[in-house]
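Asks: Return atomic coordinates for the entry below.
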Amino acid sequence: MPFLEVLTPLSIALCFLGVFVGIVMGAIPGMTATMAIAIFLPLTYALDMIDSIGLLIGLYVGGISGGLVPAILLNIPGTPSSLCTTFDGYPMTQKGEGEKALKIGITASIVGGFFSLTVLYFFAPFLSSVAIDFSSVEKFLIIVFALTVIASISKGSLLGGIFSGVLGMLVSLIGTFMDNNQTRMIPPGFEDELVYGFSLLPVLIGLFAIGQLLQEAEEGMKAAAHQKIDLQQGKEKNKFRFAIILKQKVNVVRSALLGTFIGMLPGVGGSAASITAYSQAKNFSKKPEKFGTGEPEGLVASESANNGLIGGALIPLLSLGIPGDSTTAILIGAFLLQGIEVGPLFITSNPDLWSGIVIALVVANIVMFILMFFSIRYFAKIVFIPKYIIFPIIVVACVVGSYAINNGIMFDVWTLLLFGVFGYIFPKIGVQIPSFLIGFILGMQAEKYFIDSLKGSGGDLAIFFTNGPVAIGLWVLILGSVIYAIIDNFKSKNSNQQNAM
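Replies: Numbering: from 1, shown residues only. Sure, this is the predicted structure:
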C-alpha cells in the first residue's frame, strides 16, 4: 500500500496526541505507559483500526520515553525501564546539567527506537511466514510457551506467579462454552450479565488504572514538596551537543541491540534491558569508576536500551501472538476489540494494518523527539502537578470508557470497579497482576486450540508430542523456558538471602 494512503491526517493527529499524552503520563511518577494505554483503549472502539493503532503506538512510545523526566530530575523512575536512567541522570541534575541530561536521554531514545523498528520490520514477517502453516496443535503449544512467560516474570515467587496465571485462566473461562452452549462457573444471579464472561476492557482498565490509583491514594495524595530545579546553570561545558552521542555510537548500537533482543524474550521486561545495557556499558567503558556520578555514557546506555525494547516486544506479539509484558497484552486487547486475532496469520492477513504499525512507530519516534527535545523545559514541569488534580480526571475517563464500550452496559462499570479493587488487593496477597492478565487473555485461546487438537486426533493426547518436528521444537522451547525460570528464581532467592545477611 502506498505510504500516503496509510498515513492519513487523522492517524498522524492521533499519533501526535498519543505521544503527547504518553509523555505527560510517563513523566508523572506512579503513572506508566501501560496505564496510559489502558485508559485510552475505549477510544479505539470507535476508530478505524489503523487510526487507533496510531494512537496506541504513540502512547507506548511517549509513555516509555516520558519516564526519563522524573528519573533525571527527581531520581524517581517514571517507568520500570527508566531505573538505570536515575544512576547518572540525577547526579547530572545535581551538577546543574539537567537540560543536558534530558537531551542526551531523548536523543539516545530515538536512536534506540529506530534501531528496534528496523529489526521489527525485517524479523517479524520472517517469523510469521514460518508459523503460517501451524495447525491447532502448534498453536496450542505456542500458547503454552506464551504461558511460560508467567514463570519468567515471577521474580522471587515462582509458585505465586503460576497461581496468578492459573487464576487468570479460570476467570477467563467464566461464561458459555461455545461448542455446546453450556454455561460454567457463573455465580447465581449473574447468568445474563456473564453469559459471555467478563469483558476484557473493564478488566484491563480496572487492574492497571483503578488499582494503581488506589495504591497511590493509600500512600497519600499530597504532592511532595520538591526544590526548584535549575535545568541549566549556563556554563558552556554544560550545553548539549550531538557530538556527545556521536562519541557514544558503539555504546548506543550495543545498548539498542541488547534492548531489542531482551524485548523479544517474553516476560523479561524493560528494567532487565536497561540494567543489562548499563552493566555492559560499564564493563566496556574506559572510565567505569565514573558511572553513577553523572556520566553521560551510562545515561545513553539506559535510554537507548529501553526504547529499543519497544520494537523488540512487538516482534513476538505480531508474529506469534505472544504478549511479552502487560503493555503488549493490552495491545492484544485493542486488536480483539476490533475482531482481529494476533498470531502467525496477522501480518499476511492484515498488510494494511502491518504497514500502519510500522509507519506509526516511525511517526511516533519522530514526534517524540521533536516534542521533547525542543520543549523539554515545559515537560519538566509536569512532575510537579499534584496527583489530586490528575487522578479524578482519570477515574471519570475510566468509568465513561467502560460504560460506553458495549453501548451502555452498567455491569461493565461494576466489572471495572471490581477488578480495580482486585488490582489494589492482589499485590498485597501475593497475586501477580501481569501473570493474572496473561492467563486471562490466553485462557480461552488455550482451551479452543486444545479442544480442536483433540477433535482432530480422536481424543488421543499423543498428538501433542507426535505432530512433527515443529511440535517437538516448541516443547524444547517450553521446557527451556521453564528450566530457565526455575534456575533464575533459585538465583534470585539466594541473592536476596545473601543481601539480607
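Asks: Pull the number of nearby residues for the closest residue to Val399 other than its chain neighbours.
Replies: Leaving aside its sequence neighbours, Val399 sits nearest to Val413 (CB to CB, 6 or more residues apart in numbering; 5.8 Å). Backbone N, C-alpha and C define where each C-beta goes, glycine included. Using other CB atoms under 10 Å, Val413 has 19 other residues around it.
Asks: swap in Arg377?
Replies: Arg377, neighbours per other CB under 10 Å, totals 12.
Asks: repeat for Lys387
Replies: Neighbour tally, Lys387, other CB under 10 Å: 21.
Asks: Isn't it up against Gln215?
Replies: No - between Lys387 and Gln215 there is no contact, the gap being 11.6 Å when judged by CB atoms under 8 Å.
Asks: Which residue ranges of the stretch 201-350 of the chain form helices?
Replies: Listed in chain order, the helices of the stretch 201-350 of the chain (DSSP state H, counting those that start in this stretch) span 211-219, 243-246, 249-264, 270-284, 296-320, 326-337, 346-349.
Asks: Which of those sits closest to Ile451?
Replies: Closest of the helices of the stretch 201-350 of the chain to Ile451 is helix 326-337, at 19.5 Å (criterion: CB to CB).
Asks: Let's test this: mean pLDDT of that closest one, rounded?
Replies: Confidence over helix 326-337 (mean pLDDT, whole number) is 75.
Asks: Leu47 and Gly54, how far apart?
Replies: To Gly54, Leu47 is 9 Å away according to CB to CB, to the nearest Å.
Asks: between those two, which one's more packed in?
Replies: Gly54 (32 against 18).
Asks: ok now the one helix or strand the more buried one maps to, how far from the chain's centre?
Replies: Applying DSSP states H and E as the criterion places Gly54 in helix 49-66. Centre-to-centre, helix 49-66 and its host chain are 11 Å apart (CA atoms, centre = their mean, to the nearest Å).
Asks: Report the next helix or strand after it in sequence order.
Replies: That would be, after helix 49-66 and using DSSP H and E, helix 68-74.
Asks: Output that following helix as PDB, restricted to C-alpha atoms.
Replies: Extracted C-alpha coordinates of helix 68-74, given in PDB (Å, rounded to 0.1, in the frame of the first residue of the first chain):
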ATOM      1  CA  LEU A  68      13.200   9.700  31.800                       C
ATOM      2  CA  VAL A  69      11.900  13.100  33.000                       C
ATOM      3  CA  PRO A  70      11.300  12.200  36.700                       C
ATOM      4  CA  ALA A  71      14.200   9.800  36.600                       C
ATOM      5  CA  ILE A  72      16.600  12.600  35.700                       C
ATOM      6  CA  LEU A  73      15.000  15.500  37.700                       C
ATOM      7  CA  LEU A  74      13.700  13.700  40.800                       C
END
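Asks: Which helix or strand lies directly C-terminal to that helix?
Replies: helix 85-94.
Asks: Show me what the mean pLDDT comes to for that next one.
Replies: The model assigns helix 85-94 a mean pLDDT of 83.
Asks: what's the angle from it to helix 296-320?
Replies: For helix 85-94 against helix 296-320, the angle by axes from the mean of the first three to the mean of the last three CA atoms, to 10 degrees is 140 degrees.
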